[in-house]
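1. What follows is a protein structure lacking sequence information:
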């Protein structure tokens, strides 16, 4: 590792943490998740506002009576009225309030799961950059051996200056790629911190979250997207029911009146006559929106079920590909050792040696890419299956 990169890591590594500790810290510090939690409280209060009754109304008045040729006398009137909802409407309103709370929970779960999945993808990109650097360091170690062999042969008169220069150029190319790999690690590290909202410089362990030895996934689709779509469908259906009645409330009236020559008591009821405003348009509109939400939920579920099946099959293919590449890697390692020994004794050419070295590094790069894709697929599968990640 170069001195410059060591200095960078020393500067940013105030304290270390494994990934799960880092993830927990990121969730606690996320403004997005905190905002969604507050939205849950907003929905709960909106439900309470929606279901509360109107306050009773009281009327009071004083009257003055002045009959002709008689003295002035006073009277008074006191009235009380209370609005009540028709039978069944309160249950519909309560269902709407519960649907609001369910929607809030679904939005929180989706926000949290999306955040965690994106964070894990960012971490996987960071780990990939670290392992890419390690692979280049392995290539540099092999290239240095080849330069040493070419130099020894050239000094002993068994090799050419062109062969020495060619092996030296291969080494320099690898060293240049190492610098680019170090830059990629730094960039992805700071991108990860920025997304997580963590201001402290943390040395995060660079290990893939999942290995290649994965079991065949059972199809259990329950993603946060589907839960949210179903919650919206339930909310709109509940809202439609609140508009299903032409008459929503009635008012009971009670009144006491005292006049100079008599006292009067009245009890009555006021009821809307749905001649013009029948809530018919609101009900039909709410039913249409509820149907649209149901269709959207079905579309999301179908698309994600197919995606989950595809990812499951692709994981099985990646597992088989990894096994084939491991066998190829072992053979190329053996062949490289044979060509190195043969080149020392002038029984093989530098071209064969470089070709075998490059083939080995390419195979190992494909192995690394296979593990990398496996992790990305597993992260998405965990999200689609609705696991608490």
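-> In hand now; what should we look at? Please read these numbers as outputs of a predicted model, since none were measured by experiment.

2. State whether residue 61 is indeed within a strand.
-> Yes: under DSSP: H, G, I helix; E, B strand; the rest coil, residue 61 falls within a strand.

3. Quick check: chain neighbours aside, which residue is closest to it?
-> Excluding its sequence neighbours, the residue lying closest to residue 61 (C-beta to C-beta, 6 or more residues apart in numbering) is residue 77, at 5.0 Å. (Each C-beta comes from the backbone N, C-alpha and C, glycine too.)

4. Name the SS class of the one you found, please.
-> Reduced to three states by three-state DSSP, residue 77 is strand.

5. how about it, what does it touch?
-> By C-beta atoms under 8 Å, 6 or more residues apart in numbering, residue 77 lies in contact with 59-61, 63, 255-258.

6. what sits opposite it in the beta ladder?
-> For residue 77, the beta-bridge partners under DSSP bridges are residue 61, residue 257.

7. And it, how close does it get to residue 254?
-> Separation of residue 77 from residue 254 (C-beta to C-beta, to the nearest Å): 12 Å.

8. State the pLDDT value of the residue nearest to residue 61.
-> If you check residue 77, the pLDDT there is 85.

9. can you check residue 49 too?
-> We have a pLDDT of 79 for residue 49.

10. Residue 288 now?
-> Looking at residue 288, its pLDDT reads 89.

11. helices and strands around the strand or helix carrying it, which ones?
-> Counting by DSSP states H and E, the element that carries residue 288 is helix 280-344. Applying 3 or more C-beta pairs under 8 Å, 6 or more residues apart in numbering; DSSP states H and E, we find helix 280-344 packed against helix 89-155, helix 224-242, helix 350-384.

12. Out of the ones you listed, which is the most enclosed?
-> Sort those by mean neighbour count, taking mean count of other C-beta atoms under 10 Å, and helix 224-242 sits at the top with a mean of 21.

13. Could you give the separation of that helix from the chain centroid?
-> Centroid separation for helix 224-242 versus its chain: 20 Å, with C-alpha atoms, centre = their mean, to the nearest Å.

14. what residues does it touch?
-> With C-beta under 8 Å, 6+ apart as the test, helix 224-242 has contacts from 89, 92-93, 95-96, 98-100, 102-103, 105-107, 109-110, 113-114, 283, 286-287, 289-290, 293-294, 296-297, 300-301, 304, 383, 386.

15. Under the pLDDT cut-off, which ranges of the stretch 1-150 of the chain? List them.
-> 1-17, 68-70 (pLDDT under 70).

16. Distance of the residue nearest to residue 151 when sequence neighbours are not counted relative to residue 177?
-> Nearest residue to residue 151, sequence neighbours excluded (C-beta to C-beta, 6+ apart): residue 164, at 5.7 Å. Relative to residue 177, residue 164 is positioned 21 Å away (C-beta to C-beta).

17. Those two: which is more packed in?
-> Neighbours were counted for residue 164 and for residue 177 using other C-beta atoms under 10 Å; residue 164 has more, 20 against 16.

18. Which element, helix or strand, includes the more buried one?
-> Per DSSP H and E: helix 161-196 holds residue 164.

19. Name the next helix or strand following that helix along the chain.
-> Per DSSP H and E, the helix or strand that comes after helix 161-196 is strand 202-204.

20. what are the pairing partners of that following strand, and which direction each?
-> According to DSSP bridges, strand 202-204 forms sheet pairs with strand 15-17 (parallel).

21. And the helix or strand following the partner strand, what does it pack against?
-> Elements were assigned by DSSP H and E; along the chain past strand 15-17, the next helix or strand is helix 19-29. The contact analysis (3+ C-beta pairs under 8 Å, 6+ apart) places helix 19-29 against helix 89-155, helix 161-196, strand 202-204.

22. Relative to residue 338, which of these is closest?
-> helix 89-155 (13.5 Å; C-beta to C-beta).

23. which residues does the most centrally placed residue in the chain contact?
-> Nearest to the mean C-alpha position of the chain, by C-alpha atoms, centre = their mean, lies residue 114 at 0.1 Å. Going by C-beta under 8 Å, 6+ apart, residue 114 touches 224, 383.

24. Over to residue 362?
-> Residue 362 touches nothing, counting by C-beta under 8 Å, 6+ apart.

25. Would you mind stating the distance between it and residue 84?
-> For residue 362, the distance to residue 84 equals 79 Å [C-beta to C-beta].

26. Helix 161-196 and the helix holding residue 288, what's the angle between them?
-> 150 degrees (axes from the mean of the first three to the mean of the last three C-alpha atoms, to 10 degrees).

27. Give me the angle between helix 280-344 and helix 89-155.
-> Orientation of helix 280-344 against helix 89-155 (the same axes, to 10 degrees) gives an angle of 10 degrees.

28. any idea how far the helix or strand that residue 266 is a member of is from the chain center?
-> Assigned by DSSP H and E, residue 266 belongs to strand 262-271. Taking C-alpha atoms, centre = their mean, the mean C-alpha location of strand 262-271 is offset from the chain mean by 61 Å.

29. That one - what's its average pLDDT?
-> Mean predicted confidence for strand 262-271 is 83.
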